[in-house]
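Undergrad: Got a predicted structure here, sequence first:
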Amino acid sequence: MTDLKTLESDVLAQVAAAADLAALDAVRVAALGKTGSISGLLKTLGAMSPEERKTQGAAINALRDAATAAIADRKAGLEAAELDARLASETLDLTLPAPYRRKGSVHPTMQTMDEMVAIFAEMGFAVAEGPDIDDDFHNFTALNFPPKHPAREMHDTFFFNPKTNEDGSEAERLLLRTHTSTVQVRTMMSQKPPIRIIAPGRTYRCDNDATHTPVFHQVEGLVIDKGIHMGHLKWTLETFLARFFETDAVTTQFRPHHFPFTEPSAEMDVQCDRSGGEIKIGQGTSWLEILGCGMVHPNVLRACGIDPDEYQGFAFGMGVDRLGMLKYGMPDLRDMFSSDSRWLAHYGFSAFAAPNAASGLS
Ligand code: PHE
């Protein structure tokens with residue numbers, strides 16, 4: 001009996017001393033495993049007389065039960081402690097300051113757009129906006145594109161599938177605007193002249209190479225007032241370009257062109273120097289095509305409810321991404337849309353330096 005008591009207190013002491021689950025398992029094997037100390041005692045029962053077995057058997061079984069229960073108890077305790085330790089080590093204190101990460105930057109397209117808005121705002125233009133998804137009327141018809149005219153195809157338009165009317169007939173199909181001239185139409189239809197707006201925004205055409213992407217950005221300008229002529233247009237654009245390229249003056253030329261919504265229409269070239277690796281505006285002997293413009297076509301004024309005998313106007317449209325590339329020396333337009341963080345870290349702008357007329361553009 002004394003042996004049993006000693007063994008019990010030994011085993012219980014070992015259980016209590018087991019520091020982790022592996023040590024506890026070793027104690028279990030040593031006591032209750034195949035060749036364990038308590039298992040060994042159980043095996044001696046067979047050789048005992050029935051009386052002996054009665055007393056000894058009960059005592060040995062009690063010892064086994066006590067050891068089993070102590071082990072289970074300790075195991076649960078150790079497991080709980082292990083979980084607590086893990087939870088404690090894995091806590092996340094959301095009130096701590098965030099670790100340093102690379103700062104975001106303003107995308108060159110947005111920077112360029114902000115610069116353009118700052119310059120035109122100073123010249124008295126308001127910013128007007130319209131939807132990216134528009135209809136045939138605002139993108140083409142009101143802008144004097146004749147029905148079925150190839151110019152509609154020239155714009156490489158992304159059309160949506162036509163919706164179905166309640167009577168089963170085909171409803172008009174919407175499109176992704178191919179230019180922000182849609183905003184000219186919306187402005188003329190909702191405001192009375194004099195009008196002086198720019199329409200910055202995203203535009204879409206099914207085109208993709210080093211100088212064209214399916215999504216790009218335009219800033220379009222529109223002025224409607226009495227007695228407006230091409231001299232006003234030329235001064236506005238030259239003043240804008242000199243400020244944008246941060247030179248004292250630029251030399252420009254109008255080249256005759258065709259747009260259905262302007263008459264006369266022109267493309268404007270700016271004098272530049274291409275002799276080095278990069279294009280320099282404001283010097284040199286080359287010309288660079290930079291934008292489309294013209295006097296608003298009387299049909300467009302009429303379609304928007306403005307009397308062309310009373311009011312005239314000019315409009316111009318330019319590619320924001322392209323102007324950004326020229327100003328900041330990027331070789332491929334597609335990079336502008338690739339979301340490569342290394343490219344953005346190199347070409348991006350500080351969010352704290354918003355372009356404005358007082359402290360400068362870039
Ligand atoms: N909407 C023309 C384009 O996207 C640009 C333009 C605007 C030309 C206004 C003339 C006048 O190509």
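TA: Structure received.

Undergrad: so where do the strands sit in this structure?
TA: With DSSP state E as the criterion, the chain has strands at 126-127, 133-134, 175-176, 195-204, 215-225, 252-259, 262-273, 280-281, 286-296, 312-319.

Undergrad: Run me through the strand neighbours of the last one, direction for each.
TA: Same thing as strand 312-319. Here strand 312-319 has these sheet partners by DSSP bridges: strand 215-225 (antiparallel), strand 286-296 (antiparallel).

Undergrad: Would you pull up the residue in the stretch 201-350 of the chain closest to the ligand?
TA: Taking CB to the nearest ligand atom as the measure, the stretch 201-350 of the chain has Gly317 as its residue closest to the ligand, at 2.8 Å. For the C-beta atoms, the positions are set from N, CA and C on the backbone; glycine is no exception.

Undergrad: For the stretch 251-362 of the chain, what lies in contact range of the ligand?
TA: Contact residues, the stretch 251-362 of the chain versus the ligand (CB under 6 Å from any ligand atom): Phe259, Thr262, Gly292, Cys293, Gly294, Ala315, Phe316, Gly317.

Undergrad: what comes up buried for stretch 326-338?
TA: Leu326, Lys327, Met330, Leu333, Asp335, Met336 (16 or more other CB atoms under 10 Å).

Undergrad: Please give the centre-to-centre distance between stretch 58-70 and its chain.
TA: 67 Å (CA atoms, centre = their mean, to the nearest Å).

Undergrad: burial count for the closest residue to Ala70 other than its chain neighbours?
TA: Excluding the flanking residues, the one nearest Ala70 by CB to CB, 6 or more residues apart in numbering is Val15, at 4.6 Å. Residues lying near Val15 (other CB atoms under 10 Å) number 22.

Undergrad: And Val15, how close does it get to Val29?
TA: Distance, Val15 to Val29, by CB to CB, to the nearest Å: 12 Å.

Undergrad: same thing with Leu94?
TA: Note on Leu94: its distance to Val29, by CB to CB, is 45 Å.

Undergrad: So for the two, which residue has more residues nearby?
TA: More neighbours surround Val29 than the other of Leu94 and Val29, with 13 against 6 (other CB under 10 Å).

Undergrad: In contact with the residue nearest to the more buried one when sequence neighbours are not counted, which residues?
TA: Using CB to CB, 6+ apart and skipping the chain neighbours, the partner closest in space to Val29 is Gly36 (6.3 Å). By CB atoms under 8 Å, 6 or more residues apart in numbering, the contact set of Gly36 is Arg28, Val29, Ala30.

Undergrad: so the last one makes contact with Ser37?
TA: This means Ala30. Yes: here Ala30 reaches Ser37: they are 6.6 Å apart, a contact under CB atoms under 8 Å.

Undergrad: can you count the residues close to the closest residue to the ligand within the stretch 51-200 of the chain?
TA: Using CB to the nearest ligand atom, the closest approach of the stretch 51-200 of the chain to the ligand is made by His179 at 3.3 Å. Using other CB under 10 Å, His179 has 22 other residues around it.

Undergrad: Give me the spatial nearest neighbour of it, chain neighbours excluded.
TA: Nearest residue to His179, sequence neighbours excluded (CB to CB, 6+ apart): Thr203, at 5.5 Å.

Undergrad: Just the pLDDT at the one you found, thanks.
TA: For Thr203, the pLDDT comes out at 96.

Undergrad: and it, how many residues sit next to it?
TA: Thr203: 23 neighbours (other CB under 10 Å).

Undergrad: That's all I had, so thanks and see you.
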